[in-house]
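Novice: need a 3D model of the following:
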Amino acid sequence: MKTRILHAHERQRRNSFGDFICINCRNFVSSEALLSGVHHRNHCPYCLSSRHLDLFKAGDRLSACKASMRPVALTLKKTAKRYSAEAKGEIMLVHQCEGCGRLSINRIAADDSIQVLMDVFERSSSMSMQGLLLEQDDIHILTQNDRPVLQTQLIGRG
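Specialist: Model prediction:
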């Protein structure tokens, strides 16, 4: 049996969380950073569902809940951009745990389904009660007014 030594650039591309089977749609999800554009894959690119694994911080895997986390909204992570007068921010996916109700915000990945992201946006931008819940956690969901920003970031045009 031949042992393969990983070079530094190969080790950096590997995801420490590993491949998984989606808890919701049961599709195989690769953790390969070259496919997703992220080094820490935490949700399914097909249905955007996740699993409640982290308790205090991303990657700690200390949550006892382990329930499914459904995508409920999109938000923008405000970032300071040096050369831009107006920083729009990075699109983030808001998950809510179906077991305990906890909310988490996660980066979208390059291979996430644009159609499913737009479906989440459409559902969440018309929900008033869900919006109130998210506002209490200082999560400002995207509204129909944010559609041009969302479309520009997802498909390159508003």
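Novice: count the neighbours of His43 for me.
Specialist: Around His43 there are 26 other residues, counting by other Cβ atoms under 10 Å. Using the backbone N, CA and C atoms, a C-beta is placed for each residue, glycine as well.
Novice: isn't it up against Ser104?
Specialist: No - applying Cβ atoms under 8 Å as the test, His43 and Ser104 come out as separate, 9.8 Å apart.
Novice: so what sits against both of these two?
Specialist: By Cβ atoms under 8 Å, 6 or more residues apart in numbering, His43 and Ser104 have these common neighbours: 50, 69, 95.
Novice: in PyMOL, select just the buried ones from those residues.
Specialist: To isolate the buried members of the shared contacts of His43 and Ser104 in PyMOL, using 16 or more other Cβ atoms under 10 Å:
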select buried, resi 50+69+95
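Novice: biggest strand in the chain by residues?
Specialist: Determined from DSSP state E, the single longest strand within the chain is strand 68-77.
Novice: strands paired with the next helix or strand along the chain from that one, and their directions?
Specialist: Downstream of strand 68-77, the next assigned helix or strand under DSSP states H and E is strand 90-97. Its sheet considered, strand 90-97 pairs with strand 68-77 (antiparallel), strand 103-107 (antiparallel) by DSSP bridges.
Novice: mind checking the ones you listed for the one nearest to Asn145?
Specialist: Proximity to Asn145, assessed across the strands paired with strand 90-97 by Cβ to Cβ, is greatest for strand 68-77 (12.0 Å).
Novice: off-centre distance for the closest one?
Specialist: 7 Å (Cα atoms, centre = their mean, to the nearest Å).
Novice: could you list the low-pLDDT ranges of this protein?
Specialist: 1-17, 78-88, 126-138, 157-158 (pLDDT under 70).
Novice: packing partners of the top helix by length along the chain?
Specialist: For the chain, the helix with the greatest residue count under DSSP state H is helix 114-125. Other elements packing on helix 114-125 under the criterion 3 or more Cβ pairs under 8 Å, 6 or more residues apart in numbering; DSSP states H and E are strand 68-77, strand 90-97, helix 147-155.
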